[in-house]
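> need a 3D model of the following:
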Amino acid sequence: MSYNVYYRQLTSGRMQAVEANIRSVAPDCFGIQECTMDWYRYFLEAFEGEYAAVGVGRYGSTVNHEVEQVDQNGNPIIWQGEKEPDMANPVFYRVDQFDLLDSGTLWLSDTPETVSWSDNNGQSLFPGILTYAMLRRRSDGAVFYIANTHLYFDSESVRCIQAEQLNALLCNSTYFDASCPVFLTGDFNADQTSQTYGYLTGTAGFDDASETAAVRTDPYNGTYNNAFFGGAGADMSDCRQFDFCFSSSGVDEVTADRYVVRTAACEPFGASPSDHFPVYADYTLQSD
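Below is the predicted model of the structure:
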């Protein structure tokens, strides 16, 4: 499951509705985008004993220590009169089903182990990150990766650079075992007509569950919506597909069975509790 939960306007009702959306699916694993440390703490408490999480903020923040976000010149980032909070892309996984073998957060840059920006001539306000977990399924020993990311919102050229950096990391044996399948979730801020998507499904060789799943449910043909800002009954004619569940292409042991964009409103919130609908995919993963 992949879910951009929106980082501002946190209320108890909205947070509970996001939690309800996740519980309605009960995924084995899920990736969150725009996860501020307030969101992070909420999820860790709400899912305590059910899910564990890995990942730090793009500036290195943890739930116990927050780091101020600055631009590439070291200046605090201000948006609409407020300082921007640090955000993570954590991966959550069921503690009763999986053992964690490895994990990490890497930066989409030439120095992936330190807070850093991709080489984009200063076009990006924020560094990009990739958080991953290497998991072993207890029932049969199958090993796989869940990786989660959030590409830049304001420049297709930056997104293309970040996608190349992301693929380079996923192909780097220092971090990833090429013999294990990879499931990649995220908000890519790019639809299926974009260069970014074309690169990920072409050169990078990822399969998009929305295209390959045997069963597909996508009521508004998109995941980025107007429902949160417009309220219940908002115009859904301009939904855009920004959020994806990808898997390693051509891996025999992985089959996409079902793809669903969950659009139902969740109580106690009267509309979608985020400006993104959550998307999830059911996969069959065969062990060797």
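
> count residues in the vicinity of Glu156, would you?
Residues near Glu156, counting by other C-beta atoms under 10 Å, number 14. (Each C-beta comes from the backbone N, C-alpha and C, glycine too.)

> how near is it to Tyr197?
10 Å (C-beta to C-beta, to the nearest Å).

> anything in contact with each of those two?
Ala190 (C-beta atoms under 8 Å, 6 or more residues apart in numbering).

> Ala133: what's it in contact with?
Each residue near Ala133 by C-beta under 8 Å, 6+ apart is listed here: 29, 54, 91, 93, 100, 102-103, 145-146.

> relative to Met37, which of these is nearest.
Val54 (14.8 Å; C-beta to C-beta).

> contacts only, for the closest one.
So Val54 contacts 90-91, 100, 103-105, 131-133 (C-beta under 8 Å, 6+ apart).

> repeat that with 6 Å
91, 103, 133 (C-beta atoms under 6 Å, 6 or more residues apart in numbering).

> how about Asn189?
Residues in contact with Asn189 (C-beta under 6 Å, 6+ apart) are 151, 153, 242.

> can you tell me the element Phe43 falls in?
In this structure, Phe43 sits in helix 37-46 according to DSSP states H and E.

> tell me which two in the contacts of Ala133 are the farthest apart.
Comparing all pairs in those by C-beta to C-beta, the longest separation belongs to Cys29 and Asp102, at 14.5 Å.

> so between those two, which is more surrounded?
Taking other C-beta under 10 Å, Cys29 and Asp102 do not tie; Cys29 has more neighbours (20 against 14).

> quick one: contacts for the most centrally placed residue in the chain?
When C-alpha atoms, centre = their mean is applied to the chain, the residue found nearest the centroid is Gly186 (3.0 Å). Applying C-beta under 6 Å, 6+ apart, we find Gly186 in contact with 148-150.

> now render those as TSV, adding secondary structure and pLDDT.
Conversion of the contacts of Gly186 to TSV gives the following (DSSP: H, G, I helix; E, B strand; the rest coil; pLDDT from 0 to 100):
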residue	secondary structure	pLDDT
Asn148	strand	98
Thr149	strand	98
His150	strand	98
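
> quick one: buried residues of the host helix or strand of Leu130?
When elements are assigned from DSSP H and E, Leu130 belongs to strand 129-137. Residues 129-137 are the ones in strand 129-137 that count as buried (16 or more other C-beta atoms under 10 Å).

> of those residues, just say which sits nearest to Leu285.
Within the set of those, Arg137 lies nearest Leu285; the separation is 7.4 Å, counting by C-beta to C-beta.

> any idea how far Asp96 is from that closest one?
Using C-beta to C-beta, which is the criterion applied here, Arg137 is 11 Å from Asp96.

> strands along the stretch 151-288 of the chain, start to end?
Per DSSP state E, counting those that start in this stretch, the stretch 151-288 of the chain carries strands over the ranges 182-187, 206-208, 215-217, 243-248, 254-261, 279-285.

> turn those strands into TSV, including mean pLDDT.
Rendered in TSV, the data for the strands of the stretch 151-288 of the chain read as follows (pLDDT from 0 to 100):
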stretch	mean pLDDT
strand 182-187	98
strand 206-208	96
strand 215-217	97
strand 243-248	96
strand 254-261	96
strand 279-285	96
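
> for Thr11, find the nearest of those.
The closest approach between Thr11 and any of the strands of the stretch 151-288 of the chain, judged by C-beta to C-beta, belongs to strand 182-187 at 21.3 Å.

> ok and the closest one relative to strand 129-137, angle-wise?
Interaxial angle of strand 182-187 relative to strand 129-137 (axes from the mean of the first three to the mean of the last three C-alpha atoms, to 10 degrees): 140 degrees.

> tell me how far strand 182-187 is from the chain's mean position?
Between the centre of strand 182-187 and the centre of its host chain there is 6 Å, according to C-alpha atoms, centre = their mean, to the nearest Å.

> returning to what we had before: residues contacting the helix holding Phe43, please?
When contacts are defined by C-beta under 6 Å, 6+ apart, helix 37-46 is touched by residues 5, 10, 15, 19, 61, 63, 66.

> and the next helix or strand past that helix?
With secondary structure assigned by DSSP H and E, helix 37-46 is succeeded by strand 51-54.
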